[in-house]
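Trainee: please find the sequence and the predicted model below.
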Amino acid sequence: MLRWLLLRAAGSRRLAELSASSPAARRVVDRYIAGDTLAAGLRVARELAASGMSLTLDHVGEYVTSTEQAEQAAQVYRDLLRQVTAEALPAGISVKPTQLGLLLDPERCDKLVDDLAQEAAEAGAHVTLDMEDHTVTEATVALVERVHADGVTNVGCAIQAALHRTPEDVRRLTRLGASVRLCKGAYAEPEHLAWQRRVDVDRAYLEAARYLVREADHPRFATHDHRLVAAIKREAAAVGRPRDSYEFQMLYGVRPEMQRALVGDGYRLCVYVPFGTEWFPYFTRRLAERPANLAFFLRALTSGEQR
Ligand SMILES: Cc1cc2nc3c(=O)[nH]c(=O)nc-3n(C[C@H](O)[C@H](O)[C@H](O)COP(=O)(O)OP(=O)(O)OC[C@H]3O[C@@H](n4cnc5c(N)ncnc54)[C@H](O)[C@@H]3O)c2cc1C
């Protein structure tokens, strides 16, 4: 219930403004967000790259309400990719289709993804479409299929273990040769579409991961769950899969010690680095993942410290 309420609060502008105006709350936000600007995102990216991690950078934003906003978002990604090329950073991008106007002008959204993917290809980078709530799952998978049909193959998407449709989506994308980022799923989804109990989501994750370990070219396992990480390592070792043929992905600010340990043990670790001013919905999902975070954040918000 708490998780559901929090995820509903993600769209609250008032709450977003309140969070931004409290320095104490902002310190909690800063644990998860690299900063408001592209320069801040790149600064964090350089630091992480220096410690052997690769990156996927997210210019936070979603559900834009005008095509101008979609064009502006695409421009930030273009600037980012140019910088990635110039500095030879081991970085790709993570993009939300609704940030590129999927729900406003799907054809233009396809074109923007296509252009970004070509720009990314020049940087040797991968484009991952983040998976948003279930209302756009089919449209997102279909978008990956369309750009692949155009010969643009460095585009994949996230798939959420929580959804009942996931085994089929994982097969569909793997047959296409599109890279899958497997995650548990950060959205509150209805019972007829998604597993509700953690234990069921974890089981579904493991089943999909087993398939990907065996069948996919370069699967990306996005989780901080140490039991799943251990199980994936075991599965990969059992089928003789080299450590550099798959990767773990984790969010900036979440379990950094585990991130460092994976790199130290010779595994590939890609850190998801969000930056930008529209961080509130992203941040709310991080709070919903861990109730302890919420208590901490509420204490900061009500500490009375205001700008
Ligand atoms: C790289 C990456 C990309 C993602 N992309 C998407 C996407 O496109 N679509 C989507 O729906 N979801 C996405 N997610 C979020 C994902 O679906 C989960 O909501 C999130 O990762 C928490 O699940 P978990 O696998 O880490 O397991 P959990 O069981 O939730 O967490 C395992 C442990 O990790 C730590 N942990 C997890 N989350 C937090 C947190 N917020 N703060 C502090 N500690 C935490 C805790 O110690 C927890 O016990 C992504 C996650 C990652 C890592």
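Mentor: Sure, I can see it.
Trainee: for the closest residue to the ligand within the stretch 1-150 of the chain, give me its contacts.
Mentor: Using Cβ to the nearest ligand atom, D130 is the residue of the stretch 1-150 of the chain that sits closest to the ligand, at 3.5 Å. C-beta here means a position set from N, CA and C on the backbone, and glycine is covered the same way. Residues in contact with D130 (Cβ atoms under 8 Å, 6 or more residues apart in numbering) are 58, 94-97, 157-158.
Trainee: export those to CSV and tack on secondary structure?
Mentor: Putting the contacts of D130 into CSV (DSSP: H, G, I helix; E, B strand; the rest coil) gives the following:
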residue, secondary structure
D58, strand
S94, strand
V95, strand
K96, coil
P97, helix
C157, strand
A158, strand
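Trainee: by neighbours, which of these wins?
Mentor: For these, the largest number of neighbours (other Cβ atoms under 10 Å) sits with V95, at 29 neighbours.
Trainee: that one contacts L57, doesn't it?
Mentor: No. Because the distance of 9.7 Å does not satisfy Cβ atoms under 8 Å, V95 is recorded as not touching L57.
Trainee: and the gap between S179 and L116?
Mentor: Going from S179 to L116 by Cβ to Cβ, to the nearest Å gives 15 Å.
Trainee: ok, A222 next?
Mentor: 20 Å.
Trainee: mind checking which of the two has more residues around it?
Mentor: Shown here are A222 and L116; by other Cβ under 10 Å, L116 has more neighbours (25 against 22).
Trainee: quick one: the nearest residue to A231 once chain neighbours are set aside from the ligand, how far?
Mentor: When the adjacent residues along the chain are set aside, A231 lies closest to L206, with 5.9 Å between them (Cβ to Cβ, 6 or more residues apart in numbering). Counting by Cβ to the nearest ligand atom, to the nearest Å, the gap between L206 and the ligand amounts to 11 Å.
Trainee: check what pLDDT L206 gets.
Mentor: Looking at L206, its pLDDT stands at 98.
Trainee: and it, how many residues sit next to it?
Mentor: The burial metric for L206, expressed as a neighbour count using other Cβ under 10 Å, is 18.
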